[in-house]
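A.B. asks: The sequence and its predicted three-dimensional model are supplied below.
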Amino acid sequence: MIDFIEELKWRGMLNDMMPGTEDQLKKEMTSAYIGFDPTAASLHIGNLATIMLLVHLQRAGHKPYALVGGATGMIGDPSGKSEERNLLDEGTLRKNQDGIKVQLEKFLAFDSGKNAAVMVNNYDWFKKFGFLEFLRDAGKHITVNYMMAKDSVKNRLETGLSFTEFSYQLLQGYDFYHLYTEHQVKLQMGGSDQWGNITTGTEFIRRKASGEAYALTTPLVTKADGTKFGKSEGGNVWLDPEMTSPYKFYQFWLNCSDDDSHRLIRVFTLLGK
């Protein structure tokens, strides 16, 4: 059986994790999730790095959950953003969700026994959640001071941050709480820019459910020169062959520098040592 943490370490895919995470993974089959906001009809190769976290998790005998953010996608995550993005209508979001589901099914085994992957949509539990009910049931457990201390908030205070985006981390925190109580999910994973949102979830679980949950992040993939990886001259490199042709997809990888190749092979393939 693969040791999940050791696998991530040698692949250079472990950025940070909460104390106790490794012990939890060694103790029992652990359910863990990553969220994907349906802001486009396809995921891109930047998302692929986090998808590979779920792939390695499942190969190590644990249970992966893929959360499609049908609700949070209506809000917009401020993490790593310099300005507020345009909000999408419900019809567009649903179309995007369908496309993402098809793509995730190519990477994860959804019928492999006890640790079969599961896909959930947070719109299912938020759609009937009233505003006042949410404030009473969720808002009182996380202080404004705690939320203001997050880098995703502090980095946007000068340029402006709407209450809509400010509330995002509370919604994501409630997602973790819901999956913890309803599906016994004890670990949330994501890119390093998601650390603040993920730890809000662990704090929410601690305060509201007196439970213990864990966080793990992977480094954002960058080029050898430090610039962001995952875009070509034409923009994002998409996983959907209708949005990025197989030829352009192949050419993108072929054109990666030799300095980057050894790291990218570890992150984006299942090749072993």
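C.D. replies: Cool, the structure landed.
A.B. asks: Could you pull out the helices in the protein for me?
C.D. replies: For the chain, the helices defined by DSSP state H cover 4-11, 21-27, 45-59, 90-104, 123-126, 131-137, 144-148, 151-154, 163-166, 168-183, 195-209, 246-254, 258-268.
A.B. asks: As JSON lines, the ones you listed with distance to Gly69, mean pLDDT and mean neighbour count would be great.
C.D. replies: (Each C-beta comes from the backbone N, C-alpha and C, glycine too.) Formatted as JSON lines, these follow (distance: least, CB to CB, whole Å; pLDDT from 0 to 100; neighbours: other CB atoms under 10 Å):
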{"stretch": "helix 4-11", "distance to Gly69": "24", "mean pLDDT": "97", "mean neighbour count": "17"}
{"stretch": "helix 21-27", "distance to Gly69": "23", "mean pLDDT": "97", "mean neighbour count": "15"}
{"stretch": "helix 45-59", "distance to Gly69": "12", "mean pLDDT": "95", "mean neighbour count": "21"}
{"stretch": "helix 90-104", "distance to Gly69": "9", "mean pLDDT": "85", "mean neighbour count": "17"}
{"stretch": "helix 123-126", "distance to Gly69": "8", "mean pLDDT": "89", "mean neighbour count": "16"}
{"stretch": "helix 131-137", "distance to Gly69": "16", "mean pLDDT": "85", "mean neighbour count": "11"}
{"stretch": "helix 144-148", "distance to Gly69": "19", "mean pLDDT": "81", "mean neighbour count": "12"}
{"stretch": "helix 151-154", "distance to Gly69": "15", "mean pLDDT": "75", "mean neighbour count": "17"}
{"stretch": "helix 163-166", "distance to Gly69": "14", "mean pLDDT": "78", "mean neighbour count": "14"}
{"stretch": "helix 168-183", "distance to Gly69": "8", "mean pLDDT": "92", "mean neighbour count": "22"}
{"stretch": "helix 195-209", "distance to Gly69": "11", "mean pLDDT": "92", "mean neighbour count": "21"}
{"stretch": "helix 246-254", "distance to Gly69": "25", "mean pLDDT": "93", "mean neighbour count": "12"}
{"stretch": "helix 258-268", "distance to Gly69": "23", "mean pLDDT": "92", "mean neighbour count": "14"}
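A.B. asks: Please identify which of those helices is closest to Leu239.
C.D. replies: Proximity to Leu239 (CB to CB) singles out helix 90-104 among those, at 5.3 Å.
A.B. asks: ok and that closest one relative to helix 45-59, angle-wise?
C.D. replies: For helix 90-104 against helix 45-59, the angle by axes from the mean of the first three to the mean of the last three CA atoms, to 10 degrees is 50 degrees.
A.B. asks: on contacts alone, who are the packing partners of helix 90-104?
C.D. replies: Packing partners of helix 90-104 (3 or more CB pairs under 8 Å, 6 or more residues apart in numbering; DSSP states H and E): strand 63-68, strand 118-121.
A.B. asks: could those strands be laid out in JSON lines, adding mean neighbour count and distance to Asp111?
C.D. replies: Formatted as JSON lines, these follow (neighbours: other CB atoms under 10 Å; distance: least, CB to CB, whole Å):
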{"stretch": "strand 63-68", "mean neighbour count": "24", "distance to Asp111": "13"}
{"stretch": "strand 118-121", "mean neighbour count": "18", "distance to Asp111": "11"}
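A.B. asks: Appreciated, that's everything.
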